[in-house]
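Undergrad: Okay, here's the prediction I keep looking at, along with the sequence it came from:
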Amino acid sequence: MTHVDAQAGKDGPIRHVAQIGWREWVGLPRLGVSRIKAKIDTGARTAALHAEEVEAFERDGAPWVRFKIAGGEEGAEWRICEAPVADKREIKNTSGVPEERYVINTSLRLGTRRWSIELSLANRAQMGFELILGRTAIRRRKLVVNPGRSFLAGEPKKP
């Protein structure tokens, strides 16, 4: 990750921020995905992951969801994941049409950084990226998106 000095914004001075590209390799450790290509989309509010066979169930009286995701790399095996449901809400798809989606909380690894994000489960089979990182996933992380560059953060790895 390259670092740049940034100007002050409404939240006060930002002295030193990391620069990321419009697409980056990220990890989703809680879902068992060590590497997946993500599009950084500041026009999107919510992060979205391509998931298939999404089904709700109950565990110990709490709502959970089971879903199938690709391993993140070309040729990687599909895997079954389970996670507690954080929310179920209407989210506009890329055509602007609202659709009801399950939302989970999971961890994101970008370079050596790791934090928790909300992730909606969507059918992104016809999209170029299995994972979209919207602005709420990167907000308050001292990151600047360089729209002319890619993969500035390097491989996702443990700090």
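TA: Good, I have the coordinates.
Undergrad: Next, find the distance separating residue 150 from residue 52.
TA: Distance of residue 150 to residue 52, given as C-beta to C-beta, to the nearest Å: 27 Å. For glycine as for every other residue, the C-beta is placed from the backbone atoms N, C-alpha and C.
Undergrad: err, residue 34, not the other one
TA: Distance, residue 34 to residue 52, using C-beta to C-beta: 20 Å.
Undergrad: More neighbours: which of these two?
TA: In this view residue 34 and residue 52 are compared by other C-beta atoms under 10 Å, and residue 34 has more residues nearby, 18 against 13.
Undergrad: What mean pLDDT does the strand or helix carrying that one get?
TA: Counting by DSSP states H and E, the element that carries residue 34 is strand 33-40. Averaging pLDDT along strand 33-40 gives 93.
Undergrad: quick one: low-confidence ranges for this structure?
TA: 1-15, 71-76, 159 (pLDDT under 70).
Undergrad: the strands in it, which residues?
TA: Under the criterion DSSP state E, the chain contains strands at 2-4, 17-21, 23-28, 33-40, 47-50, 52-59, 62-70, 78-84, 87-92, 98-110, 113-122, 131-133, 143-146.
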